[in-house]
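K.L.:
just coords:
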(Lines give C-alpha, C1' and ligand atoms only; values in the text may rest on other atoms or scores of the structure.)
Protein backbone atom coordinates (compact mmCIF):
# COMPACT_ATOMS: atom_id res chain seq x y z
CA UNK A 1 0.00 0.00 0.00
CA UNK A 2 0.98 3.65 -0.54
CA UNK A 3 -1.33 5.97 1.34
CA UNK A 4 -1.66 9.66 0.53
CA UNK A 5 -3.95 11.30 3.07
CA UNK A 6 -5.66 14.66 2.77
CA UNK A 7 -7.36 16.61 5.51
CA UNK A 8 -10.32 18.89 4.78
CA UNK A 9 -7.94 21.77 4.22
CA UNK A 10 -6.27 19.87 1.39
CA UNK A 11 -3.04 19.19 3.29
CA UNK A 12 -1.32 16.03 2.03
CA UNK A 13 0.24 13.38 4.29
CA UNK A 14 2.23 10.63 2.53
CA UNK A 15 3.02 7.23 4.09
CA UNK A 16 5.87 5.00 2.96
CA UNK A 17 4.96 1.69 1.36
CA UNK A 18 6.92 -0.18 4.04
CA UNK A 19 4.76 1.23 6.81
CA UNK A 20 1.62 -0.49 7.98
CA UNK A 21 -1.62 1.19 7.07
CA UNK A 22 -2.75 3.72 9.69
CA UNK A 23 -5.69 6.03 10.00
CA UNK A 24 -4.75 9.53 8.76
CA UNK A 25 -3.63 11.73 11.61
CA UNK A 26 -5.66 14.80 12.52
CA UNK A 27 -9.24 15.17 13.59
CA UNK A 28 -10.47 16.60 10.25
CA UNK A 29 -9.14 13.94 7.91
CA UNK A 30 -11.90 12.16 6.04
CA UNK A 31 -10.32 9.95 3.39
CA UNK A 32 -7.08 8.53 2.01
CA UNK A 33 -5.77 8.02 -1.50
CA UNK A 34 -4.41 4.48 -1.55
CA UNK A 35 -2.26 2.59 -4.02
CA UNK A 36 -2.17 -1.16 -4.70
CA UNK A 37 -0.33 -2.91 -7.51
CA UNK A 38 0.30 0.36 -9.28
CA UNK A 39 -3.34 1.44 -9.20
CA UNK A 40 -4.90 4.15 -7.05
CA UNK A 41 -8.25 4.74 -5.43
CA UNK A 42 -9.82 6.39 -2.40
CA UNK A 43 -11.03 4.99 0.92
CA UNK A 44 -12.70 6.72 3.84
CA UNK A 45 -11.19 6.79 7.32
CA UNK A 46 -12.95 3.51 8.16
CA UNK A 47 -11.32 1.83 5.18
CA UNK A 48 -14.47 1.76 3.03
CA UNK A 49 -13.73 2.16 -0.66
CA UNK A 50 -15.03 5.44 -2.13
CA UNK A 51 -13.26 5.45 -5.50
CA UNK A 52 -12.28 2.04 -6.89
CA UNK A 53 -8.57 1.22 -6.81
CA UNK A 54 -8.43 1.17 -10.60
CA UNK A 55 -6.86 4.44 -11.70
CA UNK A 56 -3.34 5.32 -12.78
CA UNK A 57 -3.48 8.64 -10.91
CA UNK A 58 -5.84 10.28 -8.45
CA UNK A 59 -5.63 13.96 -7.47
CA UNK A 60 -7.90 15.76 -5.02
CA UNK A 61 -8.87 19.44 -5.19
CA UNK A 62 -9.99 20.81 -1.85
CA UNK A 63 -11.55 23.96 -3.29
CA UNK A 64 -13.79 22.07 -5.70
CA UNK A 65 -14.04 18.97 -3.49
CA UNK A 66 -13.58 16.67 -6.47
CA UNK A 67 -11.13 13.97 -7.52
CA UNK A 68 -9.30 14.10 -10.83
CA UNK A 69 -8.98 10.55 -12.11
CA UNK A 70 -6.55 9.35 -14.77
CA UNK A 71 -6.84 6.06 -16.63
CA UNK A 72 -5.10 4.97 -19.83
CA UNK A 73 -3.84 8.46 -20.47
CA UNK A 74 -7.23 10.15 -20.12
CA UNK A 75 -8.68 12.20 -17.26
CA UNK A 76 -12.10 12.18 -15.67
CA UNK A 77 -13.83 13.52 -12.59
CA UNK A 78 -15.31 12.04 -9.39
CA UNK A 79 -16.88 13.52 -6.28
CA UNK A 80 -16.32 12.79 -2.59
CA UNK A 81 -19.29 10.38 -2.45
CA UNK A 82 -17.62 8.13 -5.01
CA UNK A 83 -19.81 9.16 -7.94
CA UNK A 84 -17.95 9.22 -11.25
CA UNK A 85 -19.04 12.52 -12.74
CA UNK A 86 -17.10 12.15 -15.98
CA UNK A 87 -15.45 8.92 -17.05
CA UNK A 88 -11.85 9.49 -18.18
CA UNK A 89 -11.97 11.02 -21.67
CA UNK A 90 -9.90 14.22 -21.58
CA UNK A 91 -6.22 14.53 -22.50
CA UNK A 92 -5.65 17.11 -19.76
CA UNK A 93 -7.63 18.62 -16.92
CA UNK A 94 -6.92 21.35 -14.39
CA UNK A 95 -8.75 23.58 -11.89
CA UNK A 96 -9.62 27.04 -13.15
CA UNK A 97 -11.34 30.22 -11.98
CA UNK A 98 -14.98 30.59 -10.92
CA UNK A 99 -15.06 26.98 -9.66
CA UNK A 100 -14.61 25.91 -13.25
CA UNK A 101 -12.37 23.22 -14.68
CA UNK A 102 -10.40 23.54 -17.91
CA UNK A 103 -10.26 20.41 -20.06
CA UNK A 104 -8.71 19.41 -23.38
CA UNK A 105 -9.80 16.77 -25.83
CA UNK A 106 -8.91 16.07 -29.46
CA UNK A 107 -10.60 19.30 -30.62
CA UNK A 108 -9.19 21.78 -28.12
CA UNK A 109 -9.68 23.40 -24.72
CA UNK A 110 -12.99 24.16 -23.04
CA UNK A 111 -14.52 24.70 -19.62
CA UNK A 112 -16.76 22.49 -17.50
CA UNK A 113 -18.10 22.92 -13.99
CA UNK A 114 -17.50 20.54 -11.10
CA UNK A 115 -20.78 18.74 -11.88
CA UNK A 116 -19.47 17.97 -15.36
CA UNK A 117 -21.71 20.42 -17.20
CA UNK A 118 -20.17 21.90 -20.34
CA UNK A 119 -19.67 25.65 -20.02
CA UNK A 120 -17.87 26.21 -23.31
CA UNK A 121 -17.19 23.91 -26.25
CA UNK A 122 -13.73 22.31 -26.37
CA UNK A 123 -12.61 24.24 -29.42
CA UNK A 124 -10.08 26.81 -28.21
CA UNK A 125 -6.29 26.86 -28.33
CA UNK A 126 -6.14 28.55 -24.94
CA UNK A 127 -8.28 30.22 -22.33
CA UNK A 128 -7.06 33.18 -20.26
CA UNK A 129 -8.47 35.20 -17.39
CA UNK A 130 -9.19 38.93 -17.27
CA UNK A 131 -9.16 40.43 -13.80
CA UNK A 132 -11.17 43.41 -12.56
CA UNK A 133 -8.28 45.16 -10.84
CA UNK A 134 -5.94 45.29 -13.83
CA UNK A 135 -5.76 48.58 -15.68
CA UNK A 136 -2.36 48.57 -17.28
CA UNK A 137 -1.52 46.19 -20.09
CA UNK A 138 2.19 46.83 -19.61
CA UNK A 139 2.04 45.59 -16.02
CA UNK A 140 1.36 42.18 -17.58
CA UNK A 141 -1.18 41.57 -14.84
CA UNK A 142 -4.35 41.62 -16.86
CA UNK A 143 -4.22 38.11 -18.34
CA UNK A 144 -3.47 34.80 -16.69
CA UNK A 145 -3.85 32.12 -19.27
CA UNK A 146 -3.47 28.40 -19.64
CA UNK A 147 -0.55 28.43 -22.02
CA UNK A 148 -0.90 31.92 -23.43
CA UNK A 149 1.40 30.79 -26.22
CA UNK A 150 -0.64 27.69 -26.84
CA UNK A 151 0.14 27.71 -30.54
CA UNK A 152 3.81 27.16 -29.73
CA UNK A 153 3.73 24.78 -26.79
CA UNK A 154 1.58 22.41 -24.76
CA UNK A 155 -1.77 23.76 -23.68
CA UNK A 156 -2.39 22.42 -20.19
CA UNK A 157 0.17 20.66 -18.03
CA UNK A 158 -0.36 17.08 -16.92
CA UNK A 159 -2.24 16.77 -13.63
CA UNK A 160 0.49 14.48 -12.29
CA UNK A 161 2.28 17.71 -11.52
CA UNK A 162 -1.04 19.46 -10.84
CA UNK A 163 0.02 22.68 -12.54
CA UNK A 164 -1.34 24.77 -15.35
CA UNK A 165 0.81 27.16 -17.32
CA UNK A 166 0.03 30.74 -16.31
CA UNK A 167 2.58 32.91 -18.07
CA UNK A 168 5.26 30.46 -17.05
CA UNK A 169 4.19 29.97 -13.43
CA UNK A 170 2.00 27.49 -11.59
CA UNK A 171 -1.53 28.02 -10.46
CA UNK A 172 -1.61 28.57 -6.70
CA UNK A 173 -3.92 29.68 -3.91
CA UNK A 174 -2.98 33.23 -4.87
CA UNK A 175 -4.30 32.70 -8.37
CA UNK A 176 -7.51 31.28 -6.94
CA UNK A 177 -7.82 34.34 -4.73
CA UNK A 178 -7.44 36.62 -7.74
CA UNK A 179 -10.20 34.71 -9.49
CA UNK A 180 -12.70 36.42 -7.19
CA UNK A 181 -11.98 39.58 -9.18
CA UNK A 182 -12.35 37.94 -12.57
CA UNK A 183 -14.33 39.67 -15.33
CA UNK A 184 -14.23 37.01 -18.00
CA UNK A 185 -12.03 34.87 -20.22
CA UNK A 186 -9.94 35.55 -23.28
CA UNK A 187 -10.10 32.70 -25.77
CA UNK A 188 -7.73 31.73 -28.57
CA UNK A 189 -8.48 29.71 -31.66
CA UNK A 190 -6.57 28.30 -34.64
CA UNK A 191 -2.84 27.91 -35.01
CA UNK A 192 -2.35 31.57 -35.93
CA UNK A 193 -4.03 32.46 -32.64
CA UNK A 194 -7.33 34.25 -33.12
CA UNK A 195 -8.51 35.87 -29.92
CA UNK A 196 -11.98 36.51 -28.56
CA UNK A 197 -13.78 36.94 -25.25
CA UNK A 198 -16.26 34.90 -23.22
CA UNK A 199 -18.04 36.18 -20.13
CA UNK A 200 -18.14 34.62 -16.65
CA UNK A 201 -20.97 32.30 -17.70
CA UNK A 202 -19.05 31.00 -20.68
CA UNK A 203 -21.01 32.87 -23.34
CA UNK A 204 -18.90 33.90 -26.31
CA UNK A 205 -19.53 37.61 -26.79
CA UNK A 206 -16.48 38.64 -28.83
CA UNK A 207 -15.77 36.06 -31.55
CA UNK A 208 -12.21 34.65 -31.76
CA UNK A 209 -11.10 36.52 -34.85
CA UNK A 210 -8.58 39.07 -33.55
CA UNK A 211 -4.79 38.88 -33.56
CA UNK A 212 -4.55 40.86 -30.33
CA UNK A 213 -6.77 41.73 -27.36
CA UNK A 214 -5.69 44.24 -24.72
CA UNK A 215 -8.05 44.35 -21.72
CA UNK A 216 -7.92 47.65 -19.81
CA UNK A 217 -10.55 48.56 -17.24
CA UNK A 218 -13.97 47.80 -18.70
CA UNK A 219 -12.78 47.77 -22.30
CA UNK A 220 -11.11 45.40 -24.76
CA UNK A 221 -8.83 46.91 -27.39
CA UNK A 222 -8.76 44.53 -30.36
CA UNK A 223 -6.58 44.26 -33.45
CA UNK A 224 -7.44 42.64 -36.76
CA UNK A 225 -5.59 42.90 -40.07
CA UNK A 226 -3.42 45.66 -38.63
CA UNK A 227 -6.39 47.79 -37.51
CA UNK A 228 -7.59 48.56 -33.97
CA UNK A 229 -11.05 48.92 -32.46
CA UNK A 230 -12.64 48.62 -29.04
CA UNK A 231 -15.35 46.55 -27.33
CA UNK A 232 -16.75 47.02 -23.88
CA UNK A 233 -16.67 44.13 -21.42
CA UNK A 234 -20.23 43.19 -22.44
CA UNK A 235 -19.21 42.61 -26.04
CA UNK A 236 -20.59 45.84 -27.53
CA UNK A 237 -18.47 47.24 -30.35
CA UNK A 238 -17.66 50.81 -29.26
CA UNK A 239 -15.01 51.88 -31.76
CA UNK A 240 -14.98 50.28 -35.23
CA UNK A 241 -11.93 48.18 -36.07
CA UNK A 242 -10.57 50.68 -38.58
CA UNK A 243 -7.88 52.72 -36.82
CA UNK A 244 -4.10 52.30 -36.97
CA UNK A 245 -3.74 53.23 -33.30
CA UNK A 246 -5.84 53.85 -30.20
CA UNK A 247 -4.25 55.56 -27.22
CA UNK A 248 -3.88 53.13 -24.32
CA UNK A 249 -2.72 56.01 -22.12
CA UNK A 250 -6.08 57.76 -22.45
CA UNK A 251 -7.96 54.61 -21.43
CA UNK A 252 -5.66 54.01 -18.46
CA UNK A 253 -6.25 57.60 -17.33
CA UNK A 254 -10.03 56.91 -17.38
CA UNK A 255 -10.62 59.62 -19.96
CA UNK A 256 -13.92 59.78 -21.77
CA UNK A 257 -12.03 60.89 -24.88
CA UNK A 258 -9.52 58.73 -26.73
CA UNK A 259 -7.00 59.70 -29.36
CA UNK A 260 -7.02 57.60 -32.52
CA UNK A 261 -4.88 57.57 -35.66
CA UNK A 262 -5.97 56.81 -39.20
CA UNK A 263 -3.18 56.69 -41.76
CA UNK A 264 -0.97 59.54 -40.51
CA UNK A 265 -3.68 61.75 -39.04
CA UNK A 266 -4.86 61.91 -35.42
CA UNK A 267 -8.39 62.56 -34.11
CA UNK A 268 -10.52 62.00 -31.02
CA UNK A 269 -13.43 59.65 -30.30
CA UNK A 270 -15.34 59.29 -27.04
CA UNK A 271 -15.90 56.04 -25.14
CA UNK A 272 -19.35 55.75 -26.70
CA UNK A 273 -17.80 55.64 -30.15
CA UNK A 274 -18.75 59.14 -31.34
CA UNK A 275 -16.19 61.00 -33.45
CA UNK A 276 -15.33 64.21 -31.59
CA UNK A 277 -12.48 65.39 -33.82
CA UNK A 278 -12.07 63.66 -37.18
CA UNK A 279 -8.52 62.43 -37.84
CA UNK A 280 -6.93 65.41 -39.58
CA UNK A 281 -4.21 66.65 -37.22
CA UNK A 282 -0.53 65.76 -37.23
CA UNK A 283 -0.83 65.09 -33.50
CA UNK A 284 -2.99 65.82 -30.48
CA UNK A 285 -0.65 66.77 -27.68
CA UNK A 286 -3.10 66.74 -24.80
CA UNK A 287 -6.49 67.52 -23.32
CA UNK A 288 -7.78 70.59 -21.49
CA UNK A 289 -10.65 69.05 -19.58
CA UNK A 290 -13.03 67.10 -21.81
CA UNK A 291 -13.84 69.90 -24.22
CA UNK A 292 -10.53 71.40 -25.43
CA UNK A 293 -7.59 69.81 -27.20
CA UNK A 294 -4.01 70.86 -27.84
CA UNK A 295 -3.44 70.08 -31.51
CA UNK A 296 -0.42 70.08 -33.77
CA UNK A 297 -0.61 71.19 -37.40
CA UNK A 298 2.70 70.84 -39.16
CA UNK A 299 5.34 72.02 -36.71
CA UNK A 300 3.02 74.36 -34.80
CA UNK A 301 0.60 74.01 -31.90
CA UNK A 302 -2.83 75.45 -31.13
CA UNK A 303 -6.08 74.68 -29.30
CA UNK A 304 -9.50 73.63 -30.61
CA UNK A 305 -12.76 72.87 -28.82
CA UNK A 306 -14.76 69.63 -29.11
CA UNK A 307 -16.56 71.03 -32.16
CA UNK A 308 -13.27 71.69 -33.93
CA UNK A 309 -13.50 75.46 -33.47
CA UNK A 310 -10.12 77.15 -33.24
CA UNK A 311 -9.49 78.72 -29.83
CA UNK A 312 -5.76 79.29 -30.22
CA UNK A 313 -4.39 79.34 -33.78
CA UNK A 314 -1.82 76.64 -34.55
CA UNK A 315 1.09 79.06 -34.98
CA UNK A 316 3.03 78.57 -31.75
CA UNK A 317 6.09 76.47 -31.06
CA UNK A 318 4.94 75.48 -27.56
CA UNK A 319 1.78 75.87 -25.53
CA UNK A 320 0.77 75.28 -21.93
CA UNK A 321 -2.63 75.50 -20.28
CA UNK A 322 -3.09 78.33 -17.75
CA UNK A 323 -6.43 78.39 -15.93
CA UNK A 324 -9.84 78.08 -17.57
CA UNK A 325 -9.41 80.46 -20.46
CA UNK A 326 -5.71 81.32 -20.79
CA UNK A 327 -2.85 79.52 -22.51
CA UNK A 328 0.86 80.23 -22.27
CA UNK A 329 2.21 80.47 -25.82
CA UNK A 330 5.78 80.38 -27.06
CA UNK A 331 7.58 81.73 -30.13
CA UNK A 332 11.33 82.00 -30.62
CA UNK A 333 11.90 80.89 -27.02
CA UNK A 334 9.80 83.78 -25.64
CA UNK A 335 6.51 83.43 -23.76
CA UNK A 336 3.23 85.34 -23.75
CA UNK A 337 -0.39 84.66 -22.76
CA UNK A 338 -3.32 84.00 -25.09
CA UNK A 339 -6.95 84.58 -24.03
CA UNK A 340 -9.04 81.75 -25.54
CA UNK A 341 -12.31 83.66 -25.02
CA UNK A 342 -11.11 86.91 -26.61
CA UNK A 343 -9.06 84.84 -29.10
CA UNK A 344 -6.06 87.14 -28.91
CA UNK A 345 -2.73 87.56 -27.16
CA UNK A 346 -3.25 89.56 -23.98
CA UNK A 347 0.31 89.36 -22.67
CA UNK A 348 2.90 90.02 -25.40
CA UNK A 349 5.35 87.28 -26.33
CA UNK A 350 8.53 88.82 -24.92
CA UNK A 351 9.18 87.16 -21.56
CA UNK A 352 11.78 84.53 -20.75
CA UNK A 353 9.44 82.78 -18.33
CA UNK A 354 5.87 83.04 -17.00
CA UNK A 355 4.61 81.45 -13.79
CA UNK A 356 1.15 81.44 -12.27
CA UNK A 357 0.28 83.74 -9.36
CA UNK A 358 -3.55 83.71 -9.39
CA UNK A 359 -6.28 83.42 -12.04
CA UNK A 360 -5.95 87.20 -12.54
CA UNK A 361 -2.20 87.80 -12.25
CA UNK A 362 1.02 86.11 -13.35
CA UNK A 363 4.73 86.37 -12.59
CA UNK A 364 6.84 87.29 -15.63
CA UNK A 365 10.60 87.15 -16.04
CA UNK A 366 12.41 89.48 -18.40
CA UNK A 367 16.14 88.90 -18.55
CA UNK A 368 17.04 88.03 -14.96
CA UNK A 369 14.34 90.14 -13.24
CA UNK A 370 10.79 89.25 -12.17
CA UNK A 371 7.62 91.33 -12.25
CA UNK A 372 3.83 90.87 -12.26
CA UNK A 373 1.30 91.30 -15.09
CA UNK A 374 -2.48 91.53 -15.06
CA UNK A 375 -3.86 88.81 -17.35
CA UNK A 376 -7.01 90.57 -18.56
CA UNK A 377 -5.16 93.65 -19.80
CA UNK A 378 -1.59 92.41 -20.15
CA UNK A 379 -0.49 95.45 -18.15
CA UNK A 380 2.65 95.22 -16.02
CA UNK A 381 1.46 96.21 -12.56
CA UNK A 382 5.03 95.66 -11.34
CA UNK A 383 7.73 95.99 -13.96
CA UNK A 384 10.43 93.27 -13.81
CA UNK A 385 12.78 94.49 -11.07
CA UNK A 386 13.13 91.66 -8.51
CA UNK A 387 15.84 88.99 -8.35
CA UNK A 388 13.45 86.49 -6.72
CA UNK A 389 9.68 86.24 -6.39
CA UNK A 390 7.38 83.68 -4.84
CA UNK A 391 3.79 83.29 -3.60
CA UNK A 392 3.43 83.65 0.16
CA UNK A 393 -0.38 83.70 0.49
CA UNK A 394 -2.23 83.26 -2.80
CA UNK A 395 -5.68 83.86 -1.30
CA UNK A 396 -4.62 87.23 0.16
CA UNK A 397 -2.38 88.14 -2.78
CA UNK A 398 0.77 88.38 -0.67
CA UNK A 399 4.08 87.80 -2.47
CA UNK A 400 7.65 87.45 -1.18
CA UNK A 401 10.34 89.19 -3.26
CA UNK A 402 14.04 89.95 -3.07
CA UNK A 403 15.63 93.13 -4.41
CA UNK A 404 19.20 94.23 -3.93
CA UNK A 405 19.78 91.29 -1.60
CA UNK A 406 16.90 92.29 0.68
CA UNK A 407 13.64 90.40 1.06
CA UNK A 408 10.19 91.87 1.77
CA UNK A 409 6.48 91.35 1.11
CA UNK A 410 4.23 92.79 -1.59
CA UNK A 411 0.44 92.99 -1.46
CA UNK A 412 -1.41 92.64 -4.78
CA UNK A 413 -5.06 93.76 -4.68
CA UNK A 414 -7.82 92.51 -7.01
CA UNK A 415 -8.00 95.90 -8.74
CA UNK A 416 -4.30 95.71 -9.60
CA UNK A 417 -3.11 98.07 -6.89
CA UNK A 418 0.24 97.07 -5.38
CA UNK A 419 1.80 97.92 -2.02
CA UNK A 420 5.52 97.26 -1.70
CA UNK A 421 7.17 96.63 1.66
CA UNK A 422 3.82 95.33 2.88
CA UNK A 423 3.60 94.55 6.61
CA UNK A 424 1.67 91.33 6.64
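P.N.:
That came in fine, so what should we check first? These numbers were taken from a predicted model, which means no experiment stands behind them. Residues are numbered from 1 along each chain as shown.
K.L.:
Now residue 302. Nearest residue, chain neighbours left out?
P.N.:
Using C-beta to C-beta, 6 or more residues apart in numbering and skipping the chain neighbours, the partner closest in space to residue 302 is residue 314 (3.3 Å). Backbone N, C-alpha and C define where each C-beta goes, glycine included.
K.L.:
Can you verify my assumption that the one you found contacts residue 299?
P.N.:
No - between residue 314 and residue 299 there is no contact under C-beta atoms under 8 Å: 9.5 Å.
K.L.:
Looking only at neighbour counts, state which of the two leads.
P.N.:
The neighbour comparison of residue 314 against residue 299 (other C-beta atoms under 10 Å) goes to residue 314, with 19 against 8.
K.L.:
Look up which helix or strand that one falls in, please.
P.N.:
Per DSSP states H and E: residue 314 is located in strand 310-316.
K.L.:
partner strands of that strand, parallel or antiparallel?
P.N.:
Sheet pairing for strand 310-316, assigned by DSSP bridges, gives strand 300-305 (antiparallel).
K.L.:
So for stretch 42-58, first residue to last residue, what's the gap.
P.N.:
With C-alpha to C-alpha, to the nearest Å applied, stretch 42-58 spans 8 Å between its terminal residues.
K.L.:
which stretches of the stretch 251-400 of the chain aren't confidently modelled?
P.N.:
Within the stretch 251-400 of the chain, no stretch has pLDDT under 70.
K.L.:
Report pLDDT for residue 250.
P.N.:
We have a pLDDT of 86 for residue 250.
K.L.:
My read is that it contacts residue 266, right?
P.N.:
No - here residue 250 does not reach residue 266: they are 11.7 Å apart, not a contact under C-beta under 8 Å.
K.L.:
joint contacts of the two?
P.N.:
residue 259 (C-beta atoms under 8 Å, 6 or more residues apart in numbering).
K.L.:
number of nearby residues for the residue nearest to residue 414 when sequence neighbours are not counted?
P.N.:
Closest residue to residue 414 apart from its sequence neighbours, by C-beta to C-beta, 6+ apart: residue 360 at 6.9 Å. Counted by other C-beta under 10 Å, the residues lying close to residue 360 total 14.
K.L.:
Please tell me how far residue 360 sits from residue 369.
P.N.:
Here the criterion is C-beta to C-beta, to the nearest Å. By it, residue 360 lies 21 Å from residue 369.
K.L.:
sorry, back to before: would you enumerate the residues in contact with the residue nearest to residue 302?
P.N.:
Residue 314 makes contact with 295, 296, 297, 298, 300, 301, 302 under the criterion C-beta under 8 Å, 6+ apart.
K.L.:
7 Å instead, please
P.N.:
Contacts here follow C-beta atoms under 7 Å, 6 or more residues apart in numbering; on that basis residue 314 touches 295, 297, 300, 301, 302.
K.L.:
Which of those are buried, as a ChimeraX select command?
P.N.:
Filtering the contacts of residue 314 down to the buried ones (16 or more other C-beta atoms under 10 Å) takes a single ChimeraX command:
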select :295,300,301,302
